[in-house]
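**Student:** pasting the sequence and the predicted model now:
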Amino acid sequence: MFAKKEKPAKREGFIKRLRARINRGDSWLTYDLANLAPGGKIDEDVLDELESLLVMADVGVDTTERIIADLQKRLARNELKDVEALRNGLGSSLREILAPVEQPLTIRRTGGPFVILMVGVNGAGKTTTIGKMARRFKDDGYSVMLAAGDTFRAAAVEQLQAWGERNDVPVISQQAGADPAAVIFDAWEAARARGTDILLADTAGRLQSQAGLMDELAKVKRVIARRDETAPHEVMLVLDASQGQNALVQAEKFHAALGLTGITVTKLDGSAKGGILLAIADKLRIPVRFIGIGEAAEDMQPFSADEFVDALLASGNSSS
C-alpha cells in the first residue's frame, strides 16, 4: 500500500468554499432552522415542515422518513428542547447515514497498474474529474497514465490530452470510433511495460437507459480482467449533484450493470440540493470517494461526512 500525503492548508480552504458554495439558493441548506420554530418550541408541526424541506432538497422520501423518524423519537424523549437541539439531532441523523460511505480511495500495489475505470452519463464532469484525480495522484507521488476510452466524441480525447499535458501525464488514445476496450487494453499493456502505478481509463458518457452502451462498458471490464483478474480495481461513477433524484437512478443502473466500487459527486457548487448524496448513501451504501465544488484541481477533495454535514447545516450567511 502506498503512503498518502495530506495537505491541511488546502483542505481548510476547501471546507470554507464548500460551505459558501453549497449554501446558495433557496432550500433547506440555507434555511435557518430557527425560522421553522420562531417561538423556539420544537413540535410535530416543525418536524412536518422540516420533512417537506428535506424532500424538496432531493434527500428522497425513504431517506427523509428515516431522518424524521429519528427526530420524532428524540422529540418523544424530550431531547429537542430548542433549535440548537434540533440542529444537533438533525446533524446526528445525517452523519449516521453518511459515515458508512466515507471511505477514501486506497491505491494498492498489484502485479500491474492499479486500474480505475471511470463511468457516467454525458455532462457529469467525468473527463474533468479524471484530470483532477491525475493531478492529485501525481502530487501524492504516484506515476499515472490516462486511457482515452471515449472514442465516440473527439472533444473528449482532446480534453483528456489537454489534462495530460497540463499534468505531464501520458495519454494513450486511438482514432475516433476505435473499440474502447482495445484502447484501454493497449493502455494497460503500456502502463505495465512502463511500471506505471495508476491507469485512469475514460469511457464514453452514456445514459443508464442505453442497454447497448452499458453492455459495452461490461465488455471493457471483462477485457481488463483477462489481463489482470483483479482489475479493474475501482469502478467509479461520476455523478452530477444538480441532477437530483435522477442521479440516484443513474447510480442504481450503473451499479446493477458494473458493480460500482466508488462514486464521485461533482457540481455541488451548481445546486443547493446536495441532499441527493444522502439518498444515494442511504440506499446504495457505495463508498463516496470525492466531492467537487468547482473547476480547479483543488476544488475536488476526498469526501468527509462530518465536513459535509457541517456545510449543510451552516447558516447561509455563515463565513466560517
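**Tutor:** That came through, no problem.

**Student:** and the lowest mean pLDDT element among the helices and strands of the chain?
**Tutor:** helix 8-22 (a mean of 70; mean pLDDT, DSSP states H and E).

**Student:** residue contacts, Ala99?
**Tutor:** Neighbouring residues of Ala99 by Cβ atoms under 8 Å, 6 or more residues apart in numbering: Ala305. From N, CA and C alone the C-beta is placed, and that goes for glycine too.

**Student:** do you know how far it is from Ser92?
**Tutor:** Between Ala99 and Ser92 the computed distance is 10 Å (Cβ to Cβ, to the nearest Å).

**Student:** then Val223?
**Tutor:** 45 Å.

**Student:** equivalent analysis for Glu165, please.
**Tutor:** Glu165 is 47 Å from Ser92, by Cβ to Cβ.

**Student:** and the two? which has more neighbours close in?
**Tutor:** Set Glu165 next to Ser92 and count neighbours by other Cβ atoms under 10 Å: Ser92 wins out with 14 against 10.

**Student:** ranges for the strands of the protein?
**Tutor:** Shown for the chain, the strands assigned by DSSP state E span residues 114-119, 144-149, 171-172, 198-203, 234-240, 262-266, 288-292, 300-302.

**Student:** could those strands go into TSV alongside mean pLDDT and mean neighbour count?
**Tutor:** Shown next, in TSV, are the strands of the chain (pLDDT from 0 to 100; neighbours: other Cβ atoms under 10 Å):
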stretch	mean pLDDT	mean neighbour count
strand 114-119	97	26
strand 144-149	96	28
strand 171-172	96	21
strand 198-203	96	28
strand 234-240	96	25
strand 262-266	96	26
strand 288-292	95	24
strand 300-302	93	22
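
**Student:** those strands: which one's closest to Ala256?
**Tutor:** Among the strands of the chain, strand 234-240 comes nearest to Ala256, with 11.7 Å by Cβ to Cβ.

**Student:** now do the closest one against strand 288-292, angle only.
**Tutor:** For strand 234-240 against strand 288-292, the angle by axes from the mean of the first three to the mean of the last three Cα atoms, to 10 degrees is 40 degrees.

**Student:** list the helices and strands strand 234-240 packs on?
**Tutor:** Packing contacts for strand 234-240, counted by 3 or more Cβ pairs under 8 Å, 6 or more residues apart in numbering; DSSP states H and E, involve strand 114-119, helix 245-258, strand 262-266.

**Student:** the ones you listed: which one's closest to Ala57?
**Tutor:** Using Cβ to Cβ, the nearest of the helices and strands packed on strand 234-240 to Ala57 is helix 245-258, at 10.9 Å.

**Student:** looking at the strands of the chain, spot the one closest to Ile15.
**Tutor:** strand 300-302 (8.5 Å).

**Student:** which strands border that closest one, and is each parallel or antiparallel?
**Tutor:** Paired neighbours of strand 300-302 in the sheet (DSSP bridges): strand 288-292 (antiparallel).

**Student:** and this structure, what are its domains?
**Tutor:** Structural domains of the chain, as assigned by automatic domain parsing, span the residue ranges 24-101, 114-313.

**Student:** and the shortest one, what's its mean pLDDT?
**Tutor:** The average pLDDT for domain 24-101 rounds to 87.

**Student:** centre of the chain to it, how far?
**Tutor:** 24 Å (Cα atoms, centre = their mean, to the nearest Å).

**Student:** please apply the same query to stretch 286-301.
**Tutor:** Taking Cα atoms, centre = their mean, one finds stretch 286-301 lying 7 Å from the centre of the chain it belongs to.

**Student:** can you give me the end-to-end span of it?
**Tutor:** Terminal residues of stretch 286-301 lie 17 Å apart, using Cα to Cα, to the nearest Å.

**Student:** partner residues bridging Asp202?
**Tutor:** Bridge pairing for Asp202 - DSSP bridges - gives Ala148.

**Student:** give me the pLDDT value at the closest residue to Gln103 other than its chain neighbours.
**Tutor:** Among residues not flanking Gln103 along the chain, Pro287 sits closest, at 3.7 Å (Cβ to Cβ, 6 or more residues apart in numbering). Model confidence at Pro287, given as pLDDT, is 98.

**Student:** on that earlier part again, pick the most buried one from the domains of the chain.
**Tutor:** Among these, domain 114-313 has the highest mean neighbour count (mean count of other Cβ atoms under 10 Å), at a mean of 20.

**Student:** what about it, how long is it end to end?
**Tutor:** End-to-end span of domain 114-313 (Cα to Cα): 37 Å.

**Student:** how about the helices and strands packed on strand 234-240 in TSV, adding distance to Pro180?
**Tutor:** Formatted as TSV, the helices and strands packed on strand 234-240 follow (distance: least, Cβ to Cβ, whole Å):
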stretch	distance to Pro180
strand 114-119	11
helix 245-258	14
strand 262-266	20
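
**Student:** minimum distance to Ala76: which of the ones you listed has it?
**Tutor:** Closest to Ala76 of the helices and strands packed on strand 234-240, according to Cβ to Cβ: helix 245-258, at 30.3 Å.
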